[in-house]
Every structure is written in C-alpha cells, then in structure tokens.
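Enquirer: Kindly generate the corresponding structure for this input.
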Amino acid sequence: MNPLRLSLVSMQSVVGDERGNLDKMLGFIGTARVQMTDVICFPEMCLSGYTTDSSRMNPIGRDDPLIRELMDSTANIPMTICFGFCETGPYITQMLIREGKEIGCYRKTHLGSREKASYLAGDSLDVFRTEDAVIAMQLCWECHVPRETETYVRRGAELILMPHASGLGPGRRREVWDTILPARAYDNTVFIGACNAYGENGCGVRFGGGITARDPKGKLIDEDYGREHMLTVDLDPEDMERIRSGSPSTMADLFFMDGYRPDLYD
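Expert: Here you go, the predicted model:
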C-alpha cells in the first residue's frame, strides 16, 4: 500500500433524483481533486438514493448512462471512486472506478432484515487492487460481521471502506462505531473508513450522517457527525506493513491473524 489521501463523504441522496445525486457527487469529486485525494468513498446507494420500498426503487445496470457519465466525467482524474446504487436484480451494489474504467463491484452479501424483502444478496467477498491500495467493502450492517473483515484481510485487503445508509442520529452513530470499528481495525491490522448517508431520502426516511476513519491499531484518525460534509485524511501504511511482516519486535507489533487456528472454528 502506498501512502494515500482518503476522502469520505456524508451526503443527502434523494430517491428518484439520480441526476441531482450525480451532480452532487461530481461536486464533491471536484473538491477532492483540488485536495489531491487518491480514494473517495460515497455512502451506500448514493447515486440512486437508499430505500427498501420496492415501489420506489429504480434499479439500474452497471452500464447505465448515468454511470457512464460519471466514468467519462472523471476519466482524467487520477482518483479511485467508490459509490453505491440500486443495481438491476435488484442488488445493493458498491462500484469502484478509476479514470473512466470499472475496477469492480461488490454486491452486499449480508442484508438487513428490511432489505431481505426487497433485495437479493451477493455471494462473493472480493478485494480490489487499485493504484494505491488493496480495497474491500463492507456495507452498513456488515460492519457487525467480524468474519467478513477477517476474510478480506486474509485476501490481502489494506483498506476497508464501510459506506452506510443508517438512520441513527449523530450521538448513537458515534457510539456504535466507537464500539465496533476499533475492534475491526485492531484485530485485523487494517485501515477502515466509514461514511453514512445524511438527510431526508424523499421517501419519509431520514439518515443521520457521520464519517470516521480508524488506523490499523484501531485509533481514531478523524471524524465528523451530523451534517453533509466531506472529510479528508492521510493514511500512512508504515505501521501496518511492519506488523503484517511477521517479525514483531514487541508484543505490540503482533499480527494476530498469524496465530489463528481456523481448524478449531465453525
């Protein structure tokens, strides 16, 4: 992994206003470009707007003109862009693109209770090798699944992006992330960046916002809660690479995964 600049976005997306959502995304990308961002991550289903109401869903294909426009508009920007949409299926999908090309897609594998009635579950936990890092994605509720994080790191992930569409308010959102994300990062020696949708979605649901980033020791890098905003942080992989090297100088540098005994686990 190279040292990289990560931008995390908390934004309002309105169901049925894909044009407006895309224009807002392009605005954030323009700001991130000025900041020399390497990787930018938008919330879950930011392009289409998030809903579990099947009557309001508008699934689109990966070759949809809006996605093509996003690719074309950013073809000359050396930045990896992570964004979500309701994909034909329907799936809750998060796509990675860079310089006009698709790097890959992740279809949410662990659906929330309300999502199960409206969406299909994905069946693959893939990692994606980009110019700057090996990236994986866990969407919203999936941050509660430790084995998913572990699987990604076993497959080489260095940065796990966690886009959300959660209605928890700022205080509760911080409380949950402060409980879960330090453990995901520390136990697996991996960077984590999480961002949540913000504001009314046009269907009577309001999302609580929130952005946070954790280093491979689980320590807070930076955070922001309760507003539409982009937060940019710098990630230095030196400590992560030292710990993962397998030659610890102290107990503080143990890569815990090296000591796991999967033969004992279900």
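
Enquirer: where along the stretch 51-200 of the chain do the helices fall?
Expert: Secondary structure of the stretch 51-200 of the chain (DSSP state H, counting those that start in this stretch): helices at 65-73, 146-154, 170-188.

Enquirer: between the second one and helix 170-188, what angle do the directions make?
Expert: In this case it means helix 146-154. Going by axes from the mean of the first three to the mean of the last three CA atoms, to 10 degrees, helix 146-154 is angled at 50 degrees with respect to helix 170-188.

Enquirer: Report the mean confidence score over helix 146-154.
Expert: Helix 146-154 shows an average pLDDT of 96 in the prediction.

Enquirer: Mean neighbour count and distance to residue 30 added to the helices of the stretch 51-200 of the chain, as TSV?
Expert: (C-beta placed from N, C-alpha, C; glycine too.) Compiled in TSV, these are given as follows (neighbours: other CB atoms under 10 Å; distance: least, CB to CB, whole Å):
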stretch	mean neighbour count	distance to residue 30
helix 65-73	15	10
helix 146-154	18	30
helix 170-188	18	27
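
Enquirer: Dump these into JSON lines; add distance to residue 202 as well.
Expert: Shown next, in JSON lines, are these (distance: least, CB to CB, whole Å):
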{"stretch": "helix 65-73", "distance to residue 202": "17"}
{"stretch": "helix 146-154", "distance to residue 202": "30"}
{"stretch": "helix 170-188", "distance to residue 202": "21"}
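
Enquirer: Can you check which of these gets nearest to residue 3?
Expert: Residue 3 lies closest to helix 170-188 among those, at 17.5 Å (CB to CB).

Enquirer: centre of the chain versus that closest one, how much separation?
Expert: 14 Å (CA atoms, centre = their mean, to the nearest Å).

Enquirer: Name the nearest residue to residue 230, sequence neighbours excluded.
Expert: The shortest distance from residue 230 to any residue other than its chain neighbours is 4.8 Å, reached at residue 9 (CB to CB, 6 or more residues apart in numbering).
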